[in-house]
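*Asks:* Need a 3D model of the following:
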Amino acid sequence: MLNLGGKLAGLPWQVGNSLAYVQGSENNLYFGAPGGAPAIGGIPIRDRRQQLVYRGKASLTWDVDSWFFRPVASGYWHDFQTVQRSDPGYENYIDRRELNLGGDLGRKLGTQTRLYAGYRFGFEVQGHLLDSPYHYDSEYHRPVVGIEGQPWKWVKANFAIGPDIHHTIHETAPGFDPNYTTLWVDGVITLLPTAQDTIVLTWKQNTQPAFASTAVYDDITYDFTARHRFDAKWAVNGGFRLYIGDWLAPVNRDDWIYTASAGLSYQHDAHWSAELGYSYDWVDSKVPNTPGREFTRHLAWLGARYTFR
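*Replies:* Down below sits the predicted model:
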């Protein structure tokens, strides 16, 4: 990760970059049960294959009294470096990338809160799957409204919402609507009911080309986490997540992943800390007779961290 910031002619700017390379297998797995691959393409398996992923964003803020104008840009590039095969049951992965540009116009409310309205224009590109003529490149318009900051002492907000208006610009499967509008959300609300308690509510929703099929799907996450600190050293946390992958017609796929988690953390001093955690996934495919998409997963971890200060 490389995060930069500064001032340009007195105007604050920020650039965030993350680059991940996975040295994994170049060959994917075979899934023969009815319904094919696990829910939402089997992301825990996908993330162990060989690939390169870049995410970046940039912004510049111009303040004029209580108003501000903020040009923004963001990009995403996912290069799956795995072999594509036409064998029955083999899970193929499809490269994809995205770029959008836009801006926000907003007003400050007090010293710690901002309301804004904005607009994004972007492109989504899906790579080719073998010799299929279909790939779901599109351009989109995204007007948004949002709030950021701390409107009350016990509430922090970073929430944006708006329609995603897409126009597909390449050949798609019969029955697919090339002009579709969905909901886009990127929101985090943090509640601070006491000095020892933190509650985080997250809602993220984005429509994008699929990574394992020539299709488009809604990627939706609802997340609840709570943390209680007993003292300067000990804290507990728990949470629940609902992750939904809902494909647009004509693809009939609707996967729901329920995840419960709990953890215990210990802060020994300013440098050393440790965490013990557990999560359980349970998957339900809303499409009948597709047991190949459903699974359960237990995940437990013990970690130690040293921080240089």
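*Asks:* Could you report the distance from T207 to D246?
*Replies:* In this view, T207 and D246 are 9 Å apart by C-beta to C-beta, to the nearest Å. All C-beta spots, glycine's among them, are computed from the backbone N, C-alpha and C.
*Asks:* more crowded one of the two?
*Replies:* T207 (21 against 18; other C-beta atoms under 10 Å).
*Asks:* Which residue is the nearest non-sequential neighbour of the more buried one?
*Replies:* T182 (4.2 Å; C-beta to C-beta, 6 or more residues apart in numbering).
*Asks:* tell me which element the one you found is part of?
*Replies:* Assessed by DSSP states H and E, T182 sits inside strand 179-194.
*Asks:* contact partners of that strand?
*Replies:* 142, 144, 153-168, 198-207, 216, 218, 248 (C-beta atoms under 8 Å, 6 or more residues apart in numbering).
*Asks:* and the next helix or strand after it with strand 179-194, angle?
*Replies:* Going down the chain from strand 179-194, the next helix or strand is strand 197-209, by DSSP H and E. Orientation of strand 197-209 against strand 179-194 (axes from the mean of the first three to the mean of the last three C-alpha atoms, to 10 degrees) gives an angle of 170 degrees.
*Asks:* Give me the three-state assignment for I45.
*Replies:* Recorded secondary structure, I45: helix (DSSP: H, G, I helix; E, B strand; the rest coil).
*Asks:* And for it, the neighbour number?
*Replies:* 16.
*Asks:* what separates it from K204, distance-wise?
*Replies:* Taken as C-beta to C-beta, the span from I45 to K204 is 22 Å.
*Asks:* go on, F159?
*Replies:* For F159 relative to K204 (C-beta to C-beta), the value is 11 Å.
*Asks:* for A73, same thing?
*Replies:* Taken as C-beta to C-beta, the span from A73 to K204 is 19 Å.
*Asks:* Over to N3?
*Replies:* Relative to K204, N3 is positioned 20 Å away (C-beta to C-beta).
*Asks:* okay, the two: which has more neighbours?
*Replies:* Taking other C-beta under 10 Å, N3 and K204 do not tie; K204 has more neighbours (15 against 10).
*Asks:* so what pLDDT did the more buried one get?
*Replies:* pLDDT, K204: 98.
*Asks:* If it is in a bridge, with which residues?
*Replies:* Here K204 sits in beta bridges with D186, T221, going by DSSP bridges.
*Asks:* In contact with it, which residues?
*Replies:* V185, D186, G187, D219, I220, T221, D223.
*Asks:* So among the residues you listed, which ones count as buried?
*Replies:* Buried members of these, scored by 16 or more other C-beta atoms under 10 Å, are V185, D186, G187, I220, D223.
*Asks:* Let me know how buried the nearest residue to Y217 once chain neighbours are set aside is, in neighbour terms.
*Replies:* Distances taken as C-beta to C-beta, 6+ apart place W247 nearest to Y217, at 4.4 Å, with adjacent residues excluded. Under the neighbour criterion other C-beta under 10 Å, W247 is assigned a count of 18.
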